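In: Can you look at this prediction? I've put the sequence above it.
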Amino acid sequence: MNFDFAIIGGGSAGYAAARTAVALGLKTCVVDGAEVLGGLCILRGCMPSKTLLESSSRFSTLRRAQKFGLRASGLEVIGPEILARKKRLIGEFAAYRQGQLGAGKFALVRGNARFTDAHTVEVDLRHCGTQRITAKTFLLATGSVVSDAPLAALNAIGCWTTDDVLESPDVPASIIILGGGATAVEFATYYAGLGRDVTLIQRGAQLLRGTDADLAAALAHGLRERGVKVFVNTRLVGAEKAGGRKRIIFEHDGKQITVEAEQVLQALGRSPNTGGLGLAAAGIEMLHGRTAMQPTQQTSQPHIFAAGDVSGPYEVVHIAIQQGEVAARNAARVIAPGEALEETDLRLKLFAVFSDPELAVVGQTEGELRASGTAFRVATYPFNDHGKALCMGETDGFVKLFAAHGGEILGGACVGPHAAELIHEVVVAMRFRATAAQLAAIPHYHPTLSEIWTYPAEELAG
Ligand SMILES: Cc1cc2nc3c(=O)[nH]c(=O)nc-3n(C[C@H](O)[C@H](O)[C@H](O)COP(=O)(O)OP(=O)(O)OC[C@H]3O[C@@H](n4cnc5c(N)ncnc54)[C@H](O)[C@@H]3O)c2cc1C
């Protein structure tokens, strides 16, 4: 049990790091204490939430059948069947990942690890006993946990977390969602699509903190069009039970408002999972609740790396994977010094929300470009003036592109139909440092949603 590289956590970041380290010839182990292996994305995050959203999206389309000259009757939401489909798919995804983890390319130790010193962890094995593991380098990839509720009363009334939504065969007739981040917005979309009564209460001035205000406003408008009661700029005041229902009291626009529903979903965010890891014993310093981080993925201990949700700053899967890979390559460089350490490149950072309408952003936001004093130009184009979007009856939202004065595309954003797919055209363009003129010159089939990018690109090229 002496390794070159010991990874704590076998989720997206940990598995990506293990695969990379093995390819580099490092003697590697992954320690994971979960009862079921697979990580958040597969078991309780991206994949289960998207299977539920797919059911909701299809139901929502059927409910709007008349708009397209069709009549659909006898529509029904069958919660246990939505859940059964999710369970079947997630079972398959998890089995595949469990196969990869257990394939013998690296050691897999089932148990919870904690540092006893900077080169040793002790693992409380799941089957019984403890195991001491020493390594030259380590990776913390322990993910995140649901943040504590900001009011004790929320615990007292028994709110759902996203885990409960993903495991419940019940689809409540009404739900209050606390939070305005990606998860809150996606679950608001889920319930609204199923025809449920949804109230979304966000503390900040807009949905999706850090996203450009025009995108967040278009998203809020789209959600309201679909019946979601969206409140921003609020302050939670209280929570109470009301018979079999739950009540949330909050301040908004100088008034106290009380809303009531069958269920309350606490989607106020997640925090790095560092509890019980013995970080102090390893000499790891924390900064604002996070393992103090370098772009090399090193913590304050140069041989101990961190990747994924536990490190941040962006809690999404493709960045967790990228950080895990960088950490593994840098671990090899720490073990055999010579080559300079690599830094995680966030130039193409992507963010997508599978709401209705969808929202996706790549590269720098308009706010970031302005804050950094970068000289840039911006062009936008609305879906309500785009042929394919009109044919589809999906006219909410717009796209926008930013380009440097030399023409290179610096970022792009989209709120509207299939935004999370459409954004990849800009990702590819940016990957090859294309200019707006080059993007505009690429042939686009007509009529497609994708050709919408050519309009802002042409404007910027002009
Ligand atoms: C509802 C929801 C929807 C989401 N949707 C998306 C999406 O659409 N797209 C997207 O990009 N991201 C999405 N995310 C975020 C995404 O799931 C996470 O960013 C990603 O899964 C984090 O991966 P990770 O490897 O950092 O952590 P995890 O996958 O959580 O892995 C951590 C692992 O560490 C193990 N562990 C923890 N502590 C210890 C210990 N002491 N010893 C041993 N093992 C330990 C755990 O058992 C776990 O297996 C979503 C999240 C949620 C909650």
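Out: That came in fine, so what should we check first?
In: How about the residues of this structure by the ligand?
Out: 8-14, 31-34, 39-41, 45-46, 49, 112-113, 141-143, 162, 183, 273, 276-277, 308-310, 315-317, 320 (Cβ under 6 Å from any ligand atom). The way it works is simple: take the backbone N, C-alpha and C, and place the C-beta from them, glycine included.
In: so how far is the first residue of stretch 277-295 from its last?
Out: From its first residue to its last, stretch 277-295 covers 22 Å (Cα to Cα, to the nearest Å).
In: what separates it from the chain centre, distance-wise?
Out: 23 Å (Cα atoms, centre = their mean, to the nearest Å).
In: Next: stretch 350-370.
Out: 12 Å.
In: ditto for stretch 288-305
Out: With Cα atoms, centre = their mean, you get 21 Å for stretch 288-305.
In: Now, the residues of the chain next to the ligand that are in helices?
Out: 12, 13, 14, 39, 40, 41, 46, 49, 162, 183, 317, 320 (DSSP state H).
In: From the residues of the chain next to the ligand, keep the buried residues only.
Out: The neighbour count (16 or more other Cβ atoms under 10 Å) marks 8-14, 31-34, 39-41, 45-46, 49, 112-113, 141-143, 162, 183, 273, 277, 308-310, 315-317, 320 as buried among the residues of the chain next to the ligand.
In: Flag the shaky bits of the stretch 201-350 of the chain, pLDDT-wise.
Out: Scanning the stretch 201-350 of the chain with the threshold set as pLDDT under 70 gives 292.
In: Helices along that one, start to end?
Out: 213-225, 317-335 (DSSP state H, counting those that start in this stretch).
In: deepest of these, which one?
Out: Among the helices of the stretch 201-350 of the chain, helix 317-335 has the highest mean neighbour count (mean count of other Cβ atoms under 10 Å), at a mean of 23.
In: need the next SSE after that one, C-terminal direction.
Out: Sequence order places strand 350-353 as the next helix or strand after helix 317-335, per DSSP states H and E.
In: Next, the buried residues of that next one.
Out: Neighbour-count burial for strand 350-353 [16+ other Cβ under 10 Å]: 350, 351, 352, 353.
In: Specify which member of these is nearest to residue 437.
Out: residue 350 (23.5 Å; Cβ to Cβ).
In: so which of the helices of the stretch 201-350 of the chain comes closest to residue 366?
Out: Short answer: helix 213-225, nearest of the helices of the stretch 201-350 of the chain by Cβ to Cβ, at 7.9 Å.
In: So, low pLDDT: which residues of the stretch 51-200 of the chain?
Out: In the stretch 51-200 of the chain, no residues with pLDDT under 70.
In: Report the closest residue of it relative to the ligand.
Out: Residue nearest to the ligand within the stretch 51-200 of the chain (Cβ to the nearest ligand atom): residue 143, separated by 2.4 Å.
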